[in-house]
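> Here's a sequence, model it:
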Amino acid sequence: MNSDVMLILAILMVTLALFLWGRWRHDIVALASLLASVLAGLVPREAVFAGFGHPAVITVACVLVLSRGLQTTGAVDTLARYVLPRKAHATWALASLIALGALLSAFMNNVGAMALLMPIAIQVSSKNNLPPGKVLMPLAFGTILGGMTTLIGTPPNLIVSGFRAGTEAGGFRMFDFTAVGLAVAATGILFLVLLGRRIVPARPGSQADHFDTAAYLTEARVTAESKAVGLTLREAERILETVDAQVVGMLRKDTRISIQNRRWILRADDILVIEAEPESFSKVLSSLGITVNESPTSLVAADGDDRSESKNTEQLKSSGDETLLQELVPLPHARLLRRSANAVKLRSHYGLSLLAISRRGRRIVKRLSATAIQAGDVLLMQGPSESLAEFASDYGCVPLAHRSITIPNKRRATIASLVMGAAITVAALGLLPSDIAFSIGVLLFVLLGVVSPRVAYDAVDWSVIVLIGALIPVAGAMAATGAADWLAQGLLGTVARGHPIVALTLVLVVTMTLSDFMNNAATAAVMCPLALSTATQLSVRPDAFLMAVAVGASCAFLTPIGHQNNTLILGPGGFRFGDYWRLGLPMEVIVVVVSIPVLLWVWPL
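As a prediction, this is how the structure comes out:
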């Protein structure tokens, strides 16, 4: 082992450790890894940012924009109305929903597909008297499976194709992934439909008549006319117990009061932090004569003048727009994450009120307006429907229950569907490379008014772009320094012992395990050089090994952090970290059992 191999392996180990630790974002870690490789002389300076021009990076960005266009025009909503049965048995309804999710994920970003179908999944669970998690988790896994079936279905497939393009065989075509991906997806979906919802744990409190997001925490102000004035905290709690609510915090003049002393006497303008179920809110407020608090700090504009707020409120009142209560869930990597209502000027800019936050497993005791939003939170918001739609679009949130945010446009939906279909056809027939075909599709989307330039830029998940673009040169350094060959020799000598099928299975399992704890695009970029070196040393074709990386990188079912769709259902499903492996482990076993024989048959060694 020479010094270059030792250096790149050290950088790789630190990179993997930081990915698993999760303290810093994946894109930041990937960029640091790239710069460390440059400073160590492992990546030539002229090739530092070559990864950002890689066809896989361009295609990923274009697919995200095209997916947003299909999403915002209502094209997928129209398809859902025709495909999903309105009245059907729970099993048939679940099967139709998962199949539609898998189909959509094959041709658009699977996070977008999941976001579109989540409200429908909640309606299916309500109609069939099921806890929402028993529909949401099978749907999330189904959309992940569907992404494996085409070149553009998921970033790992594009990355794997890029590495194959560096060999004599050239890159994979649009439907080269279909044979293996479809076999795995079909088997997995069948398992999800027949047994999946029976394995998913039912969280306590899930009911059919409402979507259970666990108890909400909200702030209520004691007014001068309130029944609570003069009561002790203990007396107020006894009243709240009759409506299944409790006080978990108290503020007086913006100073937190210890509620351990239940003899505090409530005064006007005291703020109570109350934990209650959503349907109990009206009873909670009326029982003590208190009102939902709107923090003064959230009403002040950026320049400190509250006149802009009153002007904004007047505009909203005069618009005649319908005021709604809406539950929103932030998407993974949404702009809203790690920001508070105050930070995004929720009240002053959008005229919206954050009434409560539900965070499974943790009790929020901060002021709501100052609470940083986390992945998996469910936000109860109130305001005009147009403002809710604007906020959800700007900050990357998905509506739950009623679909009040998507406004279908038949003309634009038709254009979006035709352009997307044409781009897929051109790429599939090999008339143009996929990155060029989908770039033309994006250009047509903008020129024909399907999406605005601003929406097109907003649709791109730049953290994923930076992640892939930064790791491609690092992966190249693994191959150039001989580190991949060294790891492959160790893999073959100590575990596989020269058996190609054992080595193929090991590559699949290792990739799948890494993907459960780190970004799937990063996993694919790290494992592709190893797969190629393993195939070279065994003197076999690399296709099956690269396909094993594609399958393994996509199949992250054990944890809520392995895939963005898993994170998306964490709050709405009421799940805990340890709930995923119960369904995820049998799913991963099925993936291995089905994919290895199909890989050997479709891509013989």
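
> quick one, strands of the stretch 151-300 of the chain?
Using DSSP state E, counting those that start in this stretch, the strands found in the stretch 151-300 of the chain span residues 216-221, 246-252, 255-257, 271-276, 291-292.

> Tabulate the ones you listed (a markdown table), appending distance to residue 371, mean neighbour count and mean pLDDT.
(Each C-beta comes from the backbone N, C-alpha and C, glycine too.) Listed next are the strands of the stretch 151-300 of the chain as a markdown table, based on distance: least, CB to CB, whole Å; neighbours: other CB atoms under 10 Å; pLDDT from 0 to 100:
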| stretch | distance to residue 371 | mean neighbour count | mean pLDDT |
| --- | --- | --- | --- |
| strand 216-221 | 9 | 22 | 76 |
| strand 246-252 | 12 | 17 | 81 |
| strand 255-257 | 14 | 12 | 74 |
| strand 271-276 | 11 | 24 | 81 |
| strand 291-292 | 15 | 16 | 78 |
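
> Any chance of JSON lines for those strands, columns distance to residue 574?
Output for the strands of the stretch 151-300 of the chain, formatted as JSON lines (distance: least, CB to CB, whole Å):
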{"stretch": "strand 216-221", "distance to residue 574": "13"}
{"stretch": "strand 246-252", "distance to residue 574": "19"}
{"stretch": "strand 255-257", "distance to residue 574": "28"}
{"stretch": "strand 271-276", "distance to residue 574": "15"}
{"stretch": "strand 291-292", "distance to residue 574": "24"}
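
> Residue 418 is nearest to which of these?
strand 216-221 (43.5 Å; CB to CB).

> Please list all residues in contact with residue 379.
327, 328, 329, 330, 354, 356, 357, 358, 373, 397 (CB atoms under 8 Å, 6 or more residues apart in numbering).

> Can you tell me which one of those residues carries the smallest pLDDT value?
pLDDT across the contacts of residue 379 is lowest for residue 356, at 75.

> could you check the angle strand 271-276 makes with the helix or strand that one falls within?
Following DSSP states H and E, one finds residue 356 within strand 353-358. Strand 353-358 and strand 271-276 are oriented at 50 degrees to each other (axes from the mean of the first three to the mean of the last three CA atoms, to 10 degrees).

> CA atoms only for the next helix-or-strand element following strand 353-358, dumped as PDB, please.
Next in sequence after strand 353-358, counting helices and strands by DSSP H and E, comes strand 378-384. Only the C-alpha atoms of strand 378-384 are listed here, as PDB (Å, rounded to 0.1, in the frame of the first residue of the first chain):
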ATOM      1  CA  VAL A 378     -46.100  18.500  11.400                       C
ATOM      2  CA  LEU A 379     -47.100  22.100  11.500                       C
ATOM      3  CA  LEU A 380     -50.700  23.300  12.100                       C
ATOM      4  CA  MET A 381     -51.100  26.600  10.300                       C
ATOM      5  CA  GLN A 382     -53.900  29.000   9.700                       C
ATOM      6  CA  GLY A 383     -54.400  31.600   7.000                       C
ATOM      7  CA  PRO A 384     -55.700  32.300   3.500                       C
END
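
> and strand 378-384 with strand 353-358, angle?
Here the directions of strand 378-384 and strand 353-358 differ by 160 degrees (the same axes, to 10 degrees).

> Before I go, just wanted to say thanks for your time.
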